[in-house]
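Undergrad: build me a model from this:
(one chain, ligands or ions: 1)
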Amino acid sequence: DALDRIERANPALNAFITIADRDVALAAARAADAARAAGQAPRFAGIPLAHKDLFVTEGMKTSCASRMLDTFIGPYDAAVVSRCKQAGFVTVGKTNMDEFAMGSSNENSFYGPVRNPWDHGAVPGGSSGGSAAAVAARLVPVATGTDTGGSIRQPASFCGITGIKPTYGVVSRYGMVAFASSLDQGGPMAQTAEDCALMLNVMAGFDERDSTSLDRPAEDYTRELGQSLAGLKVGLPREFFTDGLDAEVARVVDATVAELKRLGASIVEVSLPKTELSIPAYYVIAPAEASSNLSRYDGVRYGHRAAEYRDLTDMYEKSRAEGFGAEVKRRILMGTYVLSHGYYDAYYLQAQKIRRLLADDFRAAFAQCDVILGPVAPTPAWNLGEKGDDPVAMYLADIYTLAVNLAGLPGMSMPAGFSASGRPIGVQLIGNYFREAQLLNVAHQFQ
Ligand code: GLN
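TA: Residues are numbered from 1 along each chain as shown. A predicted model of the protein is given here:
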């Protein structure tokens with residue numbers, strides 16, 4: 001049924017880059033049925049699941065929406081993929097995304113843009129736009145995403161679903177194609193906070209194959225669901241409610257605040273004074289790390305190789321020129337520039353200092369409140385093509401999500417309303433380190 005739905009919907013949505021082989025998926029589903037009949041089924045036996053196409057999947061194409069990896073078949077399963085298999089999920093496909101997860105609209109894909117299921121003229125958000133659209137269109141109940149600077153939260157908001165980026169280090173990055181390793185984090189995208197909690201139980205856990213994975217006791221992320229919000233202190237950062245915020249988004253955040261008060265929460269104003277600096281800091285650090293991570297695509301070991309070349313250098317140049325799209329090249333240029341001798345101190349080191357100050361801002365804010373509430377993005381989903389030739393306008397739209405990654409904190413998006421034109425608007429909840437269960441409970445009260 002899931003495969004039928006995907007095959008019917010995908011020509012219009014373009015949410016999937018790869019749809020699973022029917023025989024392979026049906027065999028997995030039948031094995032789940034047999035295990036259930038024998039009373040040995042894992043908890044999620046037979047539930048269809050889609051993975052963002054940057055999780056490596058054994059025997060299945062993993063393209064990262066890049067021409068560079070258009071023919072790459074995963075030789076093993078990412079940690080997240082094997083954990084999901086063990087829990088019984090059946091992989092029904094790999095979802096579209098911005099190339100190498102660089103973007104906020106899913107328009108930077110070698111396979112073309114994804115359409116927002118609510119309005120085919122709107123972007124679904126990015127970079128996990130295919131996963132968000134697949135869940136929003138009810139093609140799968142749950143999908144995986146990754147978030148380096150907002151890529152789970154912003155498409156969740158634009159598509160009216162729920163998504164959570166956990167504390168950095170909670171979900172293993174083993175087998176996740178690297179964009180900016182100190183910021184990348186996987187997480188679930190689903191209809192509800194409860195489904196996200198159940199899915200995070202599956203995805204999270206220590207993994208010695210990821211050197212930044214945190215060795216902590218396993219948690220049940222559903223454990224706080226249903227707890228009263230009486231006495232919860234919700235912080236509203238002053239800097240999130242300035243001129244740049246669209247009135248319709250502000251209205252939706254206000255309505256959420258009113259409902260939180262009704263549920264017994266108290267509201268406090270907090271300050272995140274360095275918020276504006278998160279854009280330049282992120283757009284130095286993320287491209288710097290990306291330029292290093294993407295140096296592995298040299299046409300030798302794997303990925304696209306130019307058909308004709310004179311010598312080794314010519315082969316590198318042609319392969320990379322043909323394999324990478326425009327935004328990826330822009331990031332490699334920016335990253336290489338800020339890391340180069342003479343500019344390193346002025347850009348990269350400065351950005352790292354700002355990164356520390358942004359984390360300090362959050363520490364001060366969390367001394368005054370339990371969770372932070374704000375917008376996910378300054379506007380509802382924009383029109384396809386609207387920001388196509390203006391990369392800086394696209395970067396500026398990341399203002400509310402980037403600092404969360406730079407500080408390594410958990411953040412989530414929950415559906416909260418609609419624009420006058422019927423486009424979904426989510427609100428963002430930011431928690432202190434390892435307070436995912438608390439965030440999920442707050443969102444759960446609205447569902
Ligand atoms: N929009 C941001 C960028 O383009 C974040 C992307 C992400 O979280 N992967 O880098």
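
Undergrad: list the contacts of Gly299.
TA: Gly299 is in contact with Arg305, Ala306, Met315, Tyr316, Lys318, Ser319, Arg320, Gly323, counting by C-beta atoms under 8 Å, 6 or more residues apart in numbering. Heads up, the C-betas are built off the backbone N, CA and C, glycines and all.

Undergrad: does it count as helix, strand or coil?
TA: Here Gly299 is recorded as coil under DSSP: H, G, I helix; E, B strand; the rest coil.

Undergrad: excluding residues flanking it in the chain, which one is nearest it?
TA: Ser319 (3.1 Å; C-beta to C-beta, 6 or more residues apart in numbering).

Undergrad: got it, and Ala365?
TA: With C-beta to C-beta, 6+ apart, the residue lying closest to Ala365 is Val270, at 4.2 Å.

Undergrad: beta partners of that neighbour?
TA: Counting by DSSP bridges, Val270 forms beta bridges with Pro237.

Undergrad: before we move on, which element is the nearest residue to Pro188 once chain neighbours are set aside in?
TA: Distances taken as C-beta to C-beta, 6+ apart place Met199 nearest to Pro188, at 3.6 Å, with adjacent residues excluded. Taking DSSP states H and E as the definition, one finds Met199 inside helix 193-203.

Undergrad: who's in contact with that helix?
TA: The contact list for helix 193-203 (C-beta under 8 Å, 6+ apart) reads 44, 80, 83-84, 87, 89, 141-142, 144, 162-164, 166, 171, 186-190, 219-222, 225, 412, 414, 436-437, 440-441, 443-444, 447.

Undergrad: how about 6 Å then?
TA: Residues from elsewhere that reach helix 193-203, judged by C-beta atoms under 6 Å, 6 or more residues apart in numbering: 80, 83-84, 87, 142, 162, 164, 171, 188, 190, 221-222, 440, 443-444, 447.

Undergrad: what's the ChimeraX line that selects buried ones from those?
TA: In ChimeraX, a selection of the buried entries from the contacts of helix 193-203 looks like this (16 or more other C-beta atoms under 10 Å):
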select :80,83,84,87,142,162,164,171,188,190,221,222,440,443,444
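
Undergrad: so of the contacts of helix 193-203, which ones are in strands?
TA: Val142, Thr162, Ile164, Pro188, Ala190 (DSSP state E).

Undergrad: got a list of what the closest residue to the first one other than its chain neighbours touches?
TA: Meaning Val142. Excluding its sequence neighbours, the residue lying closest to Val142 (C-beta to C-beta, 6+ apart) is Ala190, at 4.4 Å. Applying C-beta under 6 Å, 6+ apart, we find Ala190 in contact with Val142, Thr162, Cys196.

Undergrad: closest to Gly385 among those residues?
TA: When those are compared for distance to Gly385 (C-beta to C-beta), Thr162 wins out at 27.6 Å.

Undergrad: which residues does that closest one contact?
TA: By C-beta under 6 Å, 6+ apart, the residues touching Thr162 are Ala190, Thr192, Ala193, Cys196, Met414.

Undergrad: so which of these is the most crowded?
TA: Greatest neighbour count in the contacts of Thr162, by other C-beta atoms under 10 Å, goes to Cys196: 31 neighbours.

Undergrad: coming back round to it: what sits against the residue nearest to Ala365?
TA: Residues near Val270 by C-beta under 6 Å, 6+ apart: Gly235, Pro237, Ala365, Gln368, Cys369.

Undergrad: ok, which pair from those residues is furthest apart?
TA: The distance between the two most remote of the contacts of Val270 (C-beta to C-beta) is 10.7 Å, for Pro237 and Gln368.

Undergrad: who's more crowded, those two?
TA: In this view Pro237 and Gln368 are compared by other C-beta under 10 Å, and Pro237 has more residues nearby, 22 against 13.

Undergrad: could you double-check that the more buried one lies in contact with Leu272?
TA: Yes. Using C-beta atoms under 6 Å, Pro237 makes contact with Leu272 at a distance of 4.4 Å.

Undergrad: return the residues of the chain in contact with the ligand.
TA: 101-104, 127, 147-151, 179, 286, 398 (C-beta under 6 Å from any ligand atom).

Undergrad: restricted to strands, list the residues you listed.
TA: Going by DSSP E, the strands hold Asp147 from the residues of the chain next to the ligand.

Undergrad: mind listing what the nearest residue to Ser151 once chain neighbours are set aside touches?
TA: Closest residue to Ser151 apart from its sequence neighbours, by C-beta to C-beta, 6+ apart: Ser127 at 4.1 Å. Counting by C-beta under 6 Å, 6+ apart, Ser127 touches Met97, Asp98, Ala101, Gly103, Ser151.

Undergrad: cool, and Leu339?
TA: When contacts are counted by C-beta under 6 Å, 6+ apart, Leu339 touches Ala288, Tyr348.

Undergrad: what does Gly169 give?
TA: Counting by C-beta under 6 Å, 6+ apart, Gly169 has contacts Thr212, Ser213, Leu214.

Undergrad: where does the stretch 301-447 of the chain have low pLDDT?
TA: Along the stretch 301-447 of the chain, no part satisfies pLDDT under 70.

Undergrad: OK, now which residue of it is nearest to the ligand?
TA: The stretch 301-447 of the chain approaches the ligand most closely through Asp398 (4.8 Å), counting by C-beta to the nearest ligand atom.

Undergrad: which parts of the stretch 1-150 of the chain are helices?
TA: Listed in chain order, the helices of the stretch 1-150 of the chain (DSSP state H, counting those that start in this stretch) span 2-13, 22-37, 79-86, 129-136.

Undergrad: name the residues that touch the third one?
TA: It refers to helix 79-86. With contact meaning C-beta under 6 Å, 6+ apart, helix 79-86 is reached by Leu49, Phe55, Thr57, Thr144, Ser172, Tyr174, Gly175, Gly186, Val202, Met203, Asp207.

Undergrad: filter those residues down to just the ones in strands.
TA: Among these, the members found in strands (DSSP E) are Leu49, Thr144, Gly186.

Undergrad: what score does Ser271 have for pLDDT?
TA: If you check Ser271, the pLDDT there is 98.

Undergrad: before we move on, the earlier item: from Gly374, how far off is the residue nearest to Ser151?
TA: Noted for Ser127: a distance of 21 Å to Gly374, by C-beta to C-beta, to the nearest Å.

Undergrad: rewinding a little: neighbour-wise, give me the winner out of the contacts of Gly299.
TA: When neighbours are taken as other C-beta under 10 Å, the top entry among the contacts of Gly299 is Gly323 (23 neighbours).

Undergrad: ok, that residue - contacts?
TA: Shown in contact with Gly323 (C-beta under 6 Å, 6+ apart): Arg67, Met68, His304.
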